[in-house]
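**Student:** next input, structure requested:
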Amino acid sequence: MSLPNIWHHRKVADTSAKGCEICFKPSASVLVTPDKQDFFYVCPAHLKDRGFCSPIIDHEAVAAAKKKKEMDDEVERLKKEYEEKQRKKKEKEAEKEKDKDKDKDKDKKDGKDEADEKDGKKDDSASSAKDKPKDKAPSVDEEPRVFSLQRTFHQQRIDRKRQAEAAKRNRERLSNPNLFPSVPKNLP
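**Tutor:** Prediction:
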């Protein structure tokens, strides 16, 4: 029986937490093999310990994620530029209309135009203030999810698995009545 040294990190519910294999503190983190042959509970702090395990990093997936993020950032930047251009274009059109209106009704609209311009500036500053928090979205670096145990810990897992199988075989043998010799029936 060969146990692969590839372990996936999974989280379980806090109510299902069991003792860590190393320090025996309750932990909701589990390392499990891909084919679910073996699993054990471990603290997240132990996953960062290089003496216990090391992350397996898929460089292609990391590069693809980085490229996707760059593309998303570029698309977002282009959208903002386009929206800014459209807003400026609308402002120019509004100014042209205001100039035409001023020529026609210069005396009537003087007070209203100043109020409209103040309101427009307030709206622009409010919309730009709303855009800034969106840009500062927290970037969460994902922790590695695939690990390989150090040789000694992996060997311990293999030995423990072998011992469990041997104990199971022994129980089966002991439960079989044909294993024990029968009582002699003839007199000597």
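
**Student:** every contact and neighbour count from this point should use C-alpha atoms.
**Tutor:** Fine.

**Student:** mind listing the helices for the protein?
**Tutor:** All helices of the chain, identified by DSSP state H, fall at 44-47, 59-104, 106-135, 151-175.

**Student:** model confidence over the third one, on average?
**Tutor:** Spelled out, it's helix 106-135. On average, the pLDDT along helix 106-135 is 52.

**Student:** tell me which of the helices of the chain lies nearest to Ile22.
**Tutor:** Among the helices of the chain, helix 44-47 comes nearest to Ile22, with 8.2 Å by CA to CA.

**Student:** would you format the helices of the chain as JSON lines with distance to Ser182 and mean neighbour count included?
**Tutor:** Shown next, in JSON lines, are the helices of the chain (distance: least, CA to CA, whole Å; neighbours: other CA atoms under 10 Å):
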{"stretch": "helix 44-47", "distance to Ser182": "54", "mean neighbour count": "14"}
{"stretch": "helix 59-104", "distance to Ser182": "65", "mean neighbour count": "12"}
{"stretch": "helix 106-135", "distance to Ser182": "82", "mean neighbour count": "11"}
{"stretch": "helix 151-175", "distance to Ser182": "14", "mean neighbour count": "13"}
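
**Student:** including distance to Pro4, could the ones you listed go into a markdown table?
**Tutor:** Output for the helices of the chain, formatted as a markdown table (distance: least, CA to CA, whole Å):
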| stretch | distance to Pro4 |
| --- | --- |
| helix 44-47 | 18 |
| helix 59-104 | 21 |
| helix 106-135 | 43 |
| helix 151-175 | 9 |
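
**Student:** ok, which of the ones you listed comes nearest Val183?
**Tutor:** Nearest of these to Val183, taken as CA to CA: helix 151-175 at 17.0 Å.

**Student:** which strands and helices lie in contact with the closest one?
**Tutor:** For helix 151-175, there is no helix or strand it packs on, judged by 3 or more CA pairs under 8 Å, 6 or more residues apart in numbering; DSSP states H and E.
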